[in-house]
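1. have a look; sequence and predicted model below, questions after that.
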Amino acid sequence: MAQTISSPVSQTLFGHPKGLFYLFFAELWERFSFYGMRALLTLYMVNVIFEALTERDFAAAAVYASYGSLVYASTVVGGRISDTLFGYRKSIFLGGILMAIGHFVLAIPNDYTFFLALAFIVVGNGFFKPNISTFVGSLYKDQDPLKDSGFTIFYMGINIGGWIAPLLCGWLGSAYGWHYGFGLAGIGMVTGLLFFWSGIRAGVFGDQGLPPNQVHLEEKVLGLKRQTWISVFAFIAAPIIAILLASYKAVGSGEGFFGDQNIVNLIFKIVGVFIIGYLGYIISNVSSEERKKLIVAISITIFMTLFWGFHELSGSVITLFASRNVSLTLLDAAQTNSLNSMFIILLALPISWMWTALDKRKINPRTPYKFGFGMLLAGLSFFVLAMSGKAANTEGMVPFTYLLIMYFLLSVGELFMSPVGLSKITDLSPQRIVAFMMGVWFLSSAYAFQLVGFIGKQLAIESESATVGGLDSLNTYIDGFDLISKYAIGAGLLILLIAPILKKLMGSVH
Ligand code: GLN
């Protein structure tokens, strides 16, 4: 295949490599499936899977956290397998197929296959997500000034998927039943794969994304080709992950040393210790110039973890709050998951123009300041949600406007941090560990879900009935949002306080 197709730069559209637009649609549909499913997930767990439990919120929070943590942690493994063996194309295909299987299994009305379905999505996302993002970068020459705007276009694709999917899957879910919503997510994933496949057929990827060594990949080991082993490994990983996801209960009695930690919590804790140890080792073994930049890279990764930890509550606690305590109009609770992406689509370009305009006047804030403001905005967004309690009616329902403003502020905060962070990691990390640092960056989303789980468990409402709501749940949520806003504002102020030091450490990197 590689010999017959042209170089990536030879086919362009609007000045960008034509391949970008195929990857744009492939990722749009993959995110459609991911976020369409996510919009239904917590509500489905609380109302169906764990319906019979009084502590159904707790169980749902724990599973949501394990799923989210593993779905992002798997990207580190998938990225590594792709870099060393499989190449982007095969990884994206395998990942997409596994994700589609996961969504279609969710479409089968059977509680027992639920965890296996989630596990397929975890493994599939590991192969799909990191590799399609890196594939985008590989279509451009190094230092190509168009690369940044290529990524902005790609981020738009992500959010178009994240915007329409909760609307459609949410509607199908409530009008016809959960499983139709999950089924549509599966159809979305297959559509994404078709776009990717048609890109390959059209030859728009040049010779990018092929395995680093095809001969090596086809060599037989224990009777099977290496590439077959990778698929076997993926299919074996799924049931193991399913068992981890199903082990949502605390390891101990819920008290004492283990507290309410489950196996996945403990695994992430232990791995976390190793990561910190390894980072410490790296920091002490680089030149002092590299060390300064690395400290900033690690700091912004930690800030990002905290931010996603608040942000990703949208798929759990905030969806439950929306379903129980918000007077919704136009959208139902699952569909409110589309608001974040909607604001990202509306604001991404204006905010990037704002940076350019400020840059011209030489007042574009340096990265640590942007992170500080981003965190403050997250704090402000939860402050608005906490304030909504004061406007609650006698049934404990708050006006929808508060949720709308909350998502607006959170999305602005996201745009101050997320797109900026990724490119800074590459600028701030020594070349020889840049891939490892990318892995750590992706792990920040994984660890964020551990925080989401912790908060979700604190705000779990125990009740005999899954239709709990109104005044029974209002105060728990409002107190929780109030506390989160204080932590986030505190963290934002702290970042702004140390920003001058980080700015110095960054040297010439903006
Ligand atoms: N919304 C973005 C995406 O889906 C980023 C999510 C994250 O890293 N937590 O790609």
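-> Cool, the structure landed.
2. going by C-alpha atoms from here, please, whenever you check contacts or count neighbours.
-> Will do.
3. near the ligand, which residues of the stretch 251-400 of the chain?
-> Residues of the stretch 251-400 of the chain lying near the ligand by C-alpha under 6 Å from any ligand atom: residue 308.
4. where are the low-confidence patches of the stretch 251-400 of the chain?
-> Residue ranges of the stretch 251-400 of the chain with pLDDT under 70: 254, 256-257.
5. grab the nearest non-local neighbour of the closest residue to the ligand within it.
-> Closest residue of the stretch 251-400 of the chain to the ligand, C-alpha to the nearest ligand atom: residue 308 (6.0 Å). Of all residues not flanking residue 308 in the chain, residue 448 sits nearest, at 5.5 Å (C-alpha to C-alpha, 6 or more residues apart in numbering).
6. wait, the one you found sits on residue 303?
-> No: using C-alpha atoms under 8 Å, residue 448 is not in contact with residue 303, being 10.2 Å away.
7. the two - which one has more neighbours?
-> More crowded of residue 448 and residue 303, by other C-alpha atoms under 10 Å: residue 448, with 26 against 22.
8. name the residue of this structure that lies nearest to the ligand.
-> residue 445 (4.9 Å).
9. what helix or strand is that residue on?
-> Following DSSP states H and E, one finds residue 445 within helix 434-458.
10. go through that helix and flag the buried ones.
-> Neighbour counts over helix 434-458 (16 or more other C-alpha atoms under 10 Å) mark 435, 437-457 as buried.
11. equivalent analysis for stretch 488-504, please.
-> 488-489, 491-493, 495-496, 499, 502-503.
12. quick check: longest helix of the chain.
-> helix 471-506 (DSSP state H).
13. poorly predicted segments of the stretch 1-150 of the chain, please.
-> Residues of the stretch 1-150 of the chain that meet the cut-off, pLDDT under 70, sit at 1-10.
14. all helices of it, in order?
-> 18-44, 56-81, 87-106, 114-138, 146-176 (DSSP state H, counting those that start in this stretch).
15. can you lay out those helices as JSON lines showing distance to residue 320?
-> Output for the helices of the stretch 1-150 of the chain, formatted as JSON lines (distance: least, C-alpha to C-alpha, whole Å):
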{"stretch": "helix 18-44", "distance to residue 320": "7"}
{"stretch": "helix 56-81", "distance to residue 320": "9"}
{"stretch": "helix 87-106", "distance to residue 320": "20"}
{"stretch": "helix 114-138", "distance to residue 320": "20"}
{"stretch": "helix 146-176", "distance to residue 320": "14"}
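16. among the ones you listed, which comes closest to residue 236?
-> helix 114-138 (10.0 Å; C-alpha to C-alpha).
17. how deep is the closest residue to residue 51 other than its chain neighbours tucked in, by neighbour count?
-> Excluding the flanking residues, the one nearest residue 51 by C-alpha to C-alpha, 6+ apart is residue 466, at 6.1 Å. Counted with other C-alpha under 10 Å, the neighbours of residue 466 add up to 20.
18. swap in residue 61?
-> Close neighbours of residue 61, defined as other C-alpha under 10 Å, add up to 29.
19. which ones are touching the closest residue to residue 60 other than its chain neighbours?
-> Spatial nearest neighbour of residue 60, chain neighbours left out: residue 45 (5.8 Å); criterion: C-alpha to C-alpha, 6+ apart. Contacts of residue 45 were listed using C-alpha atoms under 8 Å, 6 or more residues apart in numbering, and they are 51, 56, 60.
20. residue 332 versus residue 45, what's the distance?
-> Noted for residue 45: a distance of 17 Å to residue 332, by C-alpha to C-alpha, to the nearest Å.
21. buried residues in the helix or strand where residue 423 lies?
-> Here residue 423, judged by DSSP H and E, is contained in helix 400-428. Counting neighbours by 16+ other C-alpha under 10 Å, one finds that the buried residues in helix 400-428 are 400-417, 419, 421-422, 424-428.
22. repeat for stretch 106-121
-> Those buried within stretch 106-121 under the rule 16+ other C-alpha under 10 Å are 106-108, 113-121.
23. mind checking the SS state of residue 209?
-> coil (DSSP: H, G, I helix; E, B strand; the rest coil).
24. what residues does the stretch 401-510 of the chain have near the ligand?
-> With C-alpha under 6 Å from any ligand atom as the criterion, the stretch 401-510 of the chain meets the ligand at residues residue 445.
25. circling back: residues in contact with the residue of the chain closest to the ligand?
-> Residue 445 neighbours (C-alpha under 8 Å, 6+ apart): 69, 72, 304-305, 308-309.
26. what about 10 Å?
-> Listed by C-alpha atoms under 10 Å, 6 or more residues apart in numbering, the contact set of residue 445 reads 68-73, 301, 304-309, 312.
27. and for residue 321?
-> The neighbours of residue 321, taking C-alpha under 10 Å, 6+ apart as the test, are 314, 333, 397-398, 403, 469-470, 473-474, 476-478.
28. and it, what element?
-> Residue 321 belongs to helix 317-325 when assigned by DSSP H and E.
29. other residues contacting the following helix or strand past that helix?
-> Where DSSP H and E defines the elements, the next helix or strand beyond helix 317-325 is strand 326-327. With contacts defined as C-alpha under 10 Å, 6+ apart, strand 326-327 is touched by 319-320, 332-333, 388, 392-393, 396-403, 469-470, 474.
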